[in-house]
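Q: what follows is a predicted protein model with its sequence.
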Amino acid sequence: MRAFFLGLLVALCAAGQDSVVDLSILHFNDFHSRLTPTPQGVGGAAHLATAIRRERANCTRCLLLNAGDNVQGSPVSTIFRGLPVFEVLRPLKTDAFVVGNHEFDYGHERIHDFVREAGHPVLAANLLNRDGKLFTGQASVILNRDGLRIGIVGVLMETLVPGLTTPIRFGPNQLLPALETLRAEAARLKDKTDVLIALVHLEARTCNDIVDQLPEYAITVSGHDHGGLPTMYRAGDRVGVRLRANGSELGRLNVRYDRTARKIVSADWKRIPITTAEFPADPEVAALVEKWESRVRAVVDKKIGTSPARLDRTQTREWIESIMRRKTGADFVHMNQGGVRDILPEGEILARNIWTLMPFDNMLVVAEVPGRLIPEFVRKGAAVEPDRKYKVATIDFLVEGWRSGRDEALRAFGQALPLDGPLLRDVLIESFGPSTRGN
Ligand SMILES: [Zn+2]
């Protein structure tokens, strides 16, 4: 009898020990098509790949998650409408990716191309097409790592229009509330899994809400807020992690997890800075980067025209404003000096010159605005009639800033302007003559 109880005790202890397992989650977010490192040697797809390979080498149960916004942010994305980013990152063997708002930048239909090219699950549990079916075809994925069944559910912010994309880019699709969708998907997956991870692309506040309010999810891996988190966000035994953008960091979250209690026992998180000095380029990924960057060079190193004189920064801004006026026929145009990153040189002009002086994807926006709303810095001394409507052209970046600022008059002015239009860079390039854009 005694031996039996002793045996039972040993068995119970063994079960208890078995119940606690290690799990490591490698993750990044908001890669934003930064295929190459910065001039300071930060980031770069091939260097990130090496970091991932090294971390995987000492990892028992390992996952690689990408929390969205792979595209938009460099010429390769703009010129080739995002797709090369998925091709270049394919060798990373990502386990799951969630759609971010910028994945809509080339229109909702382009996301289907991303899904095809990615070679990994593309999750979006709260994004439905016009027929009410899952837009990417996949809400979640269940992975098995050495007997541990890991459920990963992907959701993005429930509002993209207005603010984050345009009605045309969003298309006839619909978004469901993020938290409710996560809750429903957790109920569906609970019996089939030992641990649930929320992989989300959401405002920072909502990421915290998941950790606070959804005990079903032990772990929340998020993206969208480019600042990342300085330390893990914790509530009870749940944790949330998020990194800085542009492939500048790789995260590693190590947890000891009790699968019987469905609880994290302990967790530690490190943010690994990706530098070319620390992580030499992975040859396979480097070859893919070069394949696409050489095509970018072929587009941007094309002569588009000539400039009769070298313009200084102020004159370059004035030249940009003159093109904006010519394109839109606006009464008032406004471009910020800070958005002009280089000068227009004298002589032969390459598309690259325009990319360099206008690296941001600013959109040229135009609207009819009553005179009373137009601020002095846009009127530049000109008198206006308060109720007469004037055509005003500027860039979406400024409009967004005015809309969200503290100044009430500027907020009203911002609201009167849209957030959509052609890319100002394209307008500038086209001003020299026929389009030189590739596809
Ligand atoms: Zn985002």
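A: Structure's in. What do you need? Numbering: from 1, shown residues only.
Q: spell out which parts of the stretch 201-350 of the chain neighbour the ion.
A: With CB under 5 Å from the ion as the criterion, the stretch 201-350 of the chain meets the ion at residues residue 224. Every residue, glycine included, has its C-beta placed from N, CA and C.
Q: of all of the stretch 201-350 of the chain, which residue lies closest to the ion?
A: At 3.8 Å from the ion, residue 224 is the closest residue in the stretch 201-350 of the chain, using CB to the ion.
Q: now that residue, nearest residue through space, not along the chain?
A: Nearest residue to residue 224, sequence neighbours excluded (CB to CB, 6 or more residues apart in numbering): residue 201, at 5.1 Å.
Q: was I right to think that neighbour contacts residue 70?
A: No - here residue 201 does not reach residue 70: they are 10.4 Å apart, not a contact under CB atoms under 8 Å.
Q: mutual contacts of these two, please.
A: Common contacts of residue 201 and residue 70 (CB atoms under 8 Å, 6 or more residues apart in numbering): residue 100.
Q: contact partners for residue 94?
A: Contacts for residue 94 (CB under 8 Å, 6+ apart) come out as 64, 65, 66, 118, 120.
Q: relative to the ion, how far out is the second one?
A: Which is residue 65. Going from residue 65 to the ion by CB to the ion, to the nearest Å gives 15 Å.
Q: what lines up beside the helix or strand where that residue lies in the sheet?
A: Element membership for residue 65, per DSSP states H and E: strand 62-66. Paired with strand 62-66 in the same sheet, following DSSP bridges, are strand 20-28 (parallel), strand 96-98 (parallel).
Q: keeping just the C-alphas, turn the helix or strand just after that strand into PDB.
A: Per DSSP H and E, the first helix or strand lying C-terminal to strand 62-66 is helix 75-80. Below are the C-alpha coordinates for helix 75-80, written out as PDB (Å, rounded to 0.1, in the frame of the first residue of the first chain):
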ATOM      1  CA  PRO A  75      11.600  52.400 -53.200                       C
ATOM      2  CA  VAL A  76      11.500  48.600 -53.700                       C
ATOM      3  CA  SER A  77       8.100  48.500 -52.100                       C
ATOM      4  CA  THR A  78       6.700  51.500 -53.800                       C
ATOM      5  CA  ILE A  79       8.100  50.500 -57.300                       C
ATOM      6  CA  PHE A  80       7.100  46.800 -57.100                       C
END
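Q: got a list of contacts for helix 75-80?
A: Against helix 75-80 from outside (CB under 8 Å, 6+ apart): 32-33, 35, 71-72, 84-85, 292-293, 295-296, 299-300, 355, 361, 423, 437-439.
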